[in-house]
Structures are given as C-alpha cells and as structure tokens.
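# Give me coordinates for this.
(one chain, ligands or ions: 3)
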Amino acid sequence: MDYNRRKFISFMGKASLASLVLPQFLMSCGNTANPTKGFNTISDERLQELQNLILEGITASDKDDLLLTKGLDYHTILKWGDKISDTDTFGFNNDYTCFIPFDDTNPKDGLLWVNHEYINPLFVSGFDENIENKLPKSKEQVDKEMYNVGGTIVRIKEENGVWKVVKNDPHNRRITAQTDIALNWDTPIKGKNSVKGTLANCSGGITPWKTFITCEENYDGFWGETIYDENNAESHVNSDYGWENFYDYPPEHYGWVVEVNPKDGTAQKHIALGRFAHECCTLYELEDKRVVAYTGDDHNDEHLYKFISSKPGSLKEGTLYVADTINGKWLALDWENQPILKSNFKDQTEVLIRAREASKLIGATQLNRPEDIEIDPITGNIFITLTNNKPKGDFHGSILKIEEKNGAFDALTFKASTYIAGGEENGFSCPDNLAFDMSGNLWITTDMSGSAMNRADKPYMPFKNNSLFVIPRHGKEAGKVIRVASAPRDAELTGPWFSPDGKTLFLSVQHPGEQTKDVKNPTSTWPFDTDNIPKSAVVAITGDLIEKMNRLNMIEA
Ligand code: FEO
Ligand code: CA
Ligand code: CA
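Ligands and ions are numbered 1, 2, ... in the order given. Alright, predicted model coming up:
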C-alpha cells in the first residue's frame, strides 16, 4: 500500500493543505525540525520499518551520570573552562545550542552557538554566599562572573563520528556581559543606542537568514529591576549577584531578544519584540519574507507573545501581539491604537520596556511560565511548554498547542488546547525545551529545580533526575512519553538541537552539582574530570536509535 498524499492529508486531520506544505525555512535552515523532503508518499517498506521500531526507555534514576538508553552514545564537545582559542574559554552553565553548517552540502563542519545562562559564584568567582560575615564581592570577582555569561561561537567538525572543536579558528569568540551590543531601535533607551553585554541567555532560535538568536531571561538576577509605584515613580530592586554595585548598567538594557551574526560576532537587541524574561524566540518566514516571531515570558502568570513584521526580514518594523488564550486572540501592544496604553505609557518604547504591565492592561492571559516554543514541521501547529506554576498548584506543567486560524502564522485568531500534561501518569514533570526531529518525533527536556528533586517532601520524588524524553510520532509507541536520557545529579538537560543530517543530537548538560555548598565536597562530579569539579558541558548524542528514528521519515520525495 502506498500512503499517498491525499491519505496523508486526511491522516493529519483538520490541517489545511497550506499548512502541510513544508515551510521552506524549516526545510533549509537546520532548525530543530528540519525535514529535508516534501510531503508525498511512504513506501510499504518504510511503513514496515515504522511498525517494527522498538524504542526502549530507561527508568528514572538518581545516579550522578549522564545515562542513555540502548542505541544512544555520547561524547563531550566542550565543557566549562575549555579553551576555544589562545585568549578565550568556554563560559559557565551552557544552555541553548544551535549549529549552522558553513555549506549546506556538508553537515559535518560549521559554527556552534552556545548560551551561557548564569553563574554559580561558588565555582566561578569563589564568592561563597553561605559564609557568615563574608567580605563584599570584589570588582575582580564581578568581572570573572561577567566573563562567564553570554554566549560562545565555536567552529566544530565531525571526523570518524566524533565532533571536535577547531581550536583557534578565527570564528571562535566569546560574547560576554561586557560586549558592545547595538539596539535595533530609533529611540535611545536610558540614553543609549548601544549597550554593554548580554546575560541570562536561556534559550534562543535561528533567523531565516541564518544568524543566531539568544534570549535574555532572568536579567533581574544580575542588574536588578526597575519597579513603579501607583504614582508611576521609579525605584530599583537589587539584584542577587550585586553587579550594579560596580557598573552603572540599567536593567532596561536587558530582557531583550538578541541576534548574533555567526561570522563576525556582531550583535543587536531587538526592542520591537518586547522586554521580559524571554525564554526563547522561534521565527517563521512568510511567503512574502515578512517574519513572525513567537516568544514567551518564563515567569509565573506571564504571557506568550508574537511579533509580525510589516516589512520583509525586519525585526523592528511590525507589531508585537500578546496572547489571549481563552478567546483565541492575538492582542496588539500598539500604543497608537490602544487608548489604555496611551493613557498609561508615554510612548511605544515605554510599552515595550514595560511589556508585562502593558499586556495585563489589554487583557492578555496569564500562563504557567511559557518556556520553549517549537513549530511542528508536519502540521505547522505551535507547541509551547508551560513548565509549572507552583503558587497556583501546577507542579508538573504541560505543553500547550496553538493552531493558528487556517494555519496562517500571521493570523490574529487561533485555537489553544493542552497537548499533554506533566505528572506521574505521563512520566515527566516540568517540561522546558522542545525539539522536533526530521520525522516529527517530539523530544522534551525537563527542568525540575535542583532544590526540589529527589526529595521525599516534594512532589518530584517519583521522577528522580531531570531527563530527556521522546514522544514518537509513528509506530507502536506513537504518542507515548519515553525517557531516553537521565541527567547527572542536580543537572538539567537543555538546548537540544539536531545536526542538519539528523544523526547527532547536540545537548547541554547544565548545572551538575548545583546544590554544592563546599567545593571540596560537591554533590556531583560529572563529567568526572580529575579535579572533581562538576562542569556543565555540551555533548553530542549519536547512535543507531537517533538514525533509525530520523530514517523513519514518513515523508519521502
Ligand atoms: Fe532558563 Fe526558563 O529556563
Ligand atoms: Ca529553559
Ligand atoms: Ca526552566
């Protein structure tokens, strides 16, 4: 039996033909979902292969190791402190990864971007916040901390199945909390058109024109935050790290979506996409080359946003919308046309800087911490992890599905539903990052906090360590949540990204040993270096299972 196009379309249910035509951008850019062929037929042989795939999961574990299911292997590409050149080292707490090959015909040589989200002062600067009567943090300590956040660009190459850094390649560089970054906006912010640094870089994205996107999430931990009283008078809330005691960099310069040019490291902050705790930013290019960008605010009771550009390739000209998921509407954060915004803020720039407040004024829906966002390459639906909202009693989170009206990414109405909920029944808790592979299988990483994992008095006990799961799309296990990797102690697995040939899954192992109080007695020693210091690292996961899952592509030309 041939699974022809008509049958395939009906199998996918209500999705329109337009949404089934594979987006050119997803096809070509090496996004986390990058199917390489059009929708057409599937052979008997392929269907048989699908039915026969045996995907064995692993059970939950609290072991201090990166455990993988049968058919997967890993090797470490880069870990904290590794030299990328004679002058620069890999930063701390690596998160989002994104690989862009130099040449579409060679998937094994290109540039890897890695986010460095935050630092643990105990390891990075030696500042121990647990010591009573401690000395204040010094400028030298702050400078070390500032160097270890931001991002890394590094050339990597695969030879004989092993990915290695090309040390001292001219592309290798660090972007840190002290790098000059332009603002892509006409109105200066706190008097500046160019600001210092990026930080809190959690997840990100890729542009259709193949540049890296890195998102500033919990910036208030570094520079504090500006708050306003009922008379709109400003005051400053101090940061945890205390950097503002040494540098006069205002909080308004952070909390943005940042674009980095892989070739030369130049960067710009896209003010039009709003200021909040951006987890990620997922871009889609429309046929007329205008851009749609989805981005969520990872904070209890905050919102989901969508920017639609009015000009081709622009992340400046256009409108930012925020989701009303109850009524299925995208609401415009448009000062000019929303009287309530006009009466509360002085201009569009202020609306964007104070996007959270503006969103609430126009009736946006408060969500349970929107994290990663991915576009299903098969249906064009948008999947958003809602990781949890503990004060509201949501301990295990869920995945939200958005179906834009008629499958049009620039639609202003949509349908929202829960795709799957976390919890014991489905075997996972606190979904964070997502990635679709070439066959449309959905890979999920979890982020239960280190202070709550493996504790009998917390609801996370049954799940043990954070893990990587996959929900197969086809075959006997379709729709089941299968645990395929378990993280070292206190760590989370983040930043899943498939290589363009689908044979490697790049993955960050972030903050092993985060609960350590004494560096001589760490809670984890992964990746088992001789110094016994736990280190975040980017690993390459390869093996038969990944190849089989990607080969099980029901979409053949
Ligand atoms: Fe940095 Fe929302 O995770
Ligand atoms: Ca995250
Ligand atoms: Ca998280």
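# any chance you could map the helices in the stretch 451-557 of the chain?
Along the stretch 451-557 of the chain, the stretches classed as helices by DSSP state H, counting those that start in this stretch are 544-551.
# What are the boundaries of the strands in it?
According to DSSP state E, counting those that start in this stretch, the stretch 451-557 of the chain carries its strands in the segments 467-471, 482-486, 492-498, 505-510, 537-542.
# Against Glu216, how distant is the residue nearest the centre of the chain?
Ranked by distance to the mean C-alpha position of the chain (CA atoms, centre = their mean), the top residue is Ser203 at 2.7 Å. The span separating Ser203 from Glu216 equals 11 Å under the rule CB to CB, to the nearest Å. Yep, even glycine has a C-beta here, placed from its N, CA and C like the rest.
# Please enumerate the strands of the stretch 51-200 of the chain.
67-68, 73-79, 94-103, 106-116, 150-159, 162-165, 173-175, 180-183, 194-196.
# okay, those strands in JSON lines with distance to ligand 1, mean neighbour count and mean pLDDT next?
Compiled in JSON lines, those are given as follows (distance: least, CB to the nearest ligand atom, whole Å; neighbours: other CB atoms under 10 Å; pLDDT from 0 to 100):
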{"stretch": "strand 67-68", "distance to ligand 1": "23", "mean neighbour count": "18", "mean pLDDT": "98"}
{"stretch": "strand 73-79", "distance to ligand 1": "19", "mean neighbour count": "19", "mean pLDDT": "98"}
{"stretch": "strand 94-103", "distance to ligand 1": "6", "mean neighbour count": "22", "mean pLDDT": "97"}
{"stretch": "strand 106-116", "distance to ligand 1": "9", "mean neighbour count": "22", "mean pLDDT": "97"}
{"stretch": "strand 150-159", "distance to ligand 1": "14", "mean neighbour count": "22", "mean pLDDT": "98"}
{"stretch": "strand 162-165", "distance to ligand 1": "24", "mean neighbour count": "17", "mean pLDDT": "98"}
{"stretch": "strand 173-175", "distance to ligand 1": "17", "mean neighbour count": "23", "mean pLDDT": "98"}
{"stretch": "strand 180-183", "distance to ligand 1": "20", "mean neighbour count": "16", "mean pLDDT": "98"}
{"stretch": "strand 194-196", "distance to ligand 1": "21", "mean neighbour count": "17", "mean pLDDT": "98"}
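# Ok, which of the ones you listed comes nearest ligand 2?
strand 94-103 (6.5 Å; CB to the ion).
# Gly150 touches Lys196, doesn't it?
No: when contacts are counted by CB atoms under 8 Å, Gly150 is not listed as touching Lys196 (11.0 Å).
# what sits in contact with each of the two?
Applying CB atoms under 8 Å, 6 or more residues apart in numbering, one finds that Gly150 and Lys196 are jointly contacted by Ala177, Thr179.
# Ligand 1 contacts on the protein?
Near ligand 1, the residues belonging to the chain are Glu117, Cys202, Glu217, Glu279, Asp298, Glu371, Asp432 when assessed by CB under 6 Å from any ligand atom.
# farthest-separated two in those residues?
Of all pairs drawn from the residues of the chain next to ligand 1, the one with the largest separation by CB to CB is Glu117 and Glu371; the distance is 12.7 Å.
# How about whatever residue of the stretch 151-300 of the chain ends up closest to ligand 2: what's its closest non-neighbour residue?
Among all residues of the stretch 151-300 of the chain, Cys202 sits closest to ligand 2, at 4.9 Å; criterion: CB to the ion. Spatial nearest neighbour of Cys202, chain neighbours left out: Glu217 (3.8 Å); criterion: CB to CB, 6 or more residues apart in numbering.
# and that neighbour, how many neighbours does it have?
26 (other CB atoms under 10 Å).
# And the one 5 residues further on, by the same measure?
As a burial measure, the neighbour count of Phe222 was computed by other CB under 10 Å and equals 26.
# Same question for the one 10 residues further on.
Counted with other CB under 10 Å, residues neighbouring Asn232 total 9.
# now swap in the one 5 residues further on and tell me
Counted by other CB under 10 Å, the residues lying close to Val237 total 10.
# got a list of what it touches?
Contacts of Val237 were listed using CB under 8 Å, 6+ apart, and they are Asp220, Gly224, Glu225, Thr226, Ile227.
# pretty sure Val114 contacts Ala537?
No: taking contact to mean CB under 8 Å, the distance of 10.1 Å between Val114 and Ala537 leaves them out of contact.
# about what we covered before: dump the strands of the stretch 51-200 of the chain to CSV, plus distance to ligand 3.
Formatted as CSV, the strands of the stretch 51-200 of the chain follow (distance: least, CB to the ion, whole Å):
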stretch, distance to ligand 3
strand 67-68, 21
strand 73-79, 21
strand 94-103, 9
strand 106-116, 12
strand 150-159, 18
strand 162-165, 26
strand 173-175, 21
strand 180-183, 24
strand 194-196, 25
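# Just among the residues of the chain next to ligand 1, which is most surrounded?
Glu117 (29 neighbours).
# Now that one: closest residue in space, sequence neighbours ignored.
Distances taken as CB to CB, 6+ apart place Asp95 nearest to Glu117, at 4.4 Å, with adjacent residues excluded.
# can you check Gly242 too?
Spatially, and ignoring its direct neighbours in sequence, Gly242 is nearest to Lys137 (5.6 Å; CB to CB, 6+ apart).
# Read off the pLDDT value for the one you found.
In this model, Lys137 is scored at 94, pLDDT.
# just Ser524 next, same as before
Looking at Ser524 specifically, the model assigns a pLDDT of 98.
# mind listing what it touches?
Asp64, Pro488, Arg489, Asp490, Ala491, Pro512, Gly513, Thr516, Pro534 are the contacts of Ser524 under CB under 8 Å, 6+ apart.
# Next: His396.
The neighbours of His396, taking CB under 8 Å, 6+ apart as the test, are Asn388, Ala421, Gly422, Gly423, Phe428, Ser429, Cys430, Pro459.
# what's the closest of the residues you listed to ligand 2?
Sorting these by distance to ligand 2 puts Cys430 at the head of the list, at 10.0 Å, by CB to the ion.
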